[in-house]
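S.K.: Here's my sequence, what's the structure:
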Amino acid sequence: DEEQGQGQGQGQGPKERARPRRRQRPSPRRMRTRGAEEAPQPKAKAKAKGLGIKAQVMKDFDTDRNIDEVVDEARNSVSEIEASIVVAESEEKKLSKEVEEAKKALQQTSARVDEATNKETVALEKLKAAHAARAQAAEATQQAREQRTETAKTLKILELEVQGRAKLVELEEARKAAQEASEAAKKAMEDAKQKEKEMAQAVKDAFKDQGAQASLAIKDAADEDAKGKAEAKEKKASDKQAEKAVIAELGELEKARLAREKERQQ
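M.R.: The predicted model follows:
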């Protein structure tokens, strides 16, 4: 449209102005050859993407690799992608500037079409090449942004996975601690029951020993009582015998006194 508008602008001048004599235009073949030589070649399209960043990271994650290494690689990939985005944006700005310069050159060349028709063709080719290069740069920038977003998502997933694993480790440690505490409490309860049984047996044995001792004491007391009674009985018999002996002796003495008394009276 710009080229058509420029062409129309060149053909619509004031009626009273005499059109300059046009120079002989070079042959189209020569123009194409020269334009192909001077026009910048568009950059080759980016190769088709292979395995996605997320898929590659998750593939690495599924292996026996250390999760911290995978996370560090993902972070480094994000940094590299951001750097490539900066470079791509800079290249895009540079190409946009070249497009503007090509437009200006095309406008200037179109204004002097009678003087350098071949320059117009070259400028047009440059403009097309610049447009193509800018489109490729914009596409590369967009792909880099998408790749950065995808890698950032993958990195977030990996970080959440790391946090989840750490939480699982904490829960496992807490479970083990609770299990150990439960086993310790169970053992303490068993020890307490065993201690209670031992105490009950000790009390039973103590009562048994005490009963035996009490029985023995009762028996000893009974034996002592019987012995005391026997001794008392013997003592009573001995005392009675002694009393009888004393009475007999007193009787004898009384008889002897009476006999002496009788003898004195005679």
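
S.K.: Ramachandran angles for Lys204?
M.R.: The phi and psi values for Lys204, taken as degrees, to the nearest 10, are phi -60, psi -50.

S.K.: what are the ranges of the helices in the stretch 51-200 of the chain?
M.R.: 53-62, 67-111, 117-265 (DSSP state H, counting those that start in this stretch).

S.K.: Quick one: residues contacting Glu89.
M.R.: Thr141 (Cβ atoms under 8 Å, 6 or more residues apart in numbering). Heads up, the C-betas are built off the backbone N, CA and C, glycines and all.

S.K.: The chain should start at 27 in everything you say after this.
M.R.: With 27 as the first residue, the last one maps to Glu115.

S.K.: before we move on, the earlier item: would you list the helices of the stretch 77-226 of the chain in JSON lines and tack on mean pLDDT?
M.R.: Listed next are those as JSON lines, based on pLDDT from 0 to 100:
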{"stretch": "helix 79-88", "mean pLDDT": "59"}
{"stretch": "helix 93-137", "mean pLDDT": "83"}
{"stretch": "helix 143-291", "mean pLDDT": "80"}
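
S.K.: so how far is Leu284 from the closest residue to Glu185 other than its chain neighbours?
M.R.: Of all residues not flanking Glu185 in the chain, Val97 sits nearest, at 6.7 Å (Cβ to Cβ, 6 or more residues apart in numbering). Noted for Val97: a distance of 144 Å to Leu284, by Cβ to Cβ, to the nearest Å.

S.K.: So between those two, which is more surrounded?
M.R.: Val97 (18 against 10; other Cβ atoms under 10 Å).

S.K.: which ones are touching the more buried one?
M.R.: Leu181, Leu184, Glu185, Val188.

S.K.: Most neighbours out of the residues you listed, which is it?
M.R.: Neighbour-wise, those (other Cβ under 10 Å) top out at Leu184, 22 neighbours.

S.K.: Give me the nearest residue to that one, chain neighbours excluded.
M.R.: Nearest non-adjacent residue to Leu184 (Cβ to Cβ, 6+ apart): Val97, at 5.0 Å.

S.K.: The one you found and Val104: what is the separation?
M.R.: 11 Å.

S.K.: what sits in contact with each of these two?
M.R.: Joint contacts of Val97 and Val104 (Cβ under 8 Å, 6+ apart) are Leu181.

S.K.: Let me have the contacts of Val97 in TSV, adding distance to Glu224 as columns.
M.R.: Formatted as TSV, those follow (distance: Cβ to Cβ, whole Å):
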residue	distance to Glu224
Leu181	63
Leu184	59
Glu185	58
Val188	53
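
S.K.: And the residues you listed, which two are furthest apart?
M.R.: Greatest spatial distance in these: Leu181 and Val188, 10.4 Å, computed using Cβ to Cβ.

S.K.: What is the burial count for Leu186?
M.R.: Neighbours of Leu186 using other Cβ under 10 Å come to 10.

S.K.: cool, and Glu108?
M.R.: That count, for Glu108 with other Cβ under 10 Å as the rule, works out to 15.

S.K.: what's the pLDDT at Thr59?
M.R.: If you check Thr59, the pLDDT there is 41.

S.K.: Same question for the one 5 residues further on.
M.R.: The per-residue pLDDT reported for Glu64 equals 45.

S.K.: cool, and Gln292?
M.R.: For Gln292, pLDDT reads 67.

S.K.: Check the gap between Ser116 and Thr167 for me.
M.R.: In terms of Cβ to Cβ, Ser116 sits 10 Å off from Thr167.

S.K.: neighbour count winner among these two?
M.R.: Thr167 (19 against 12).
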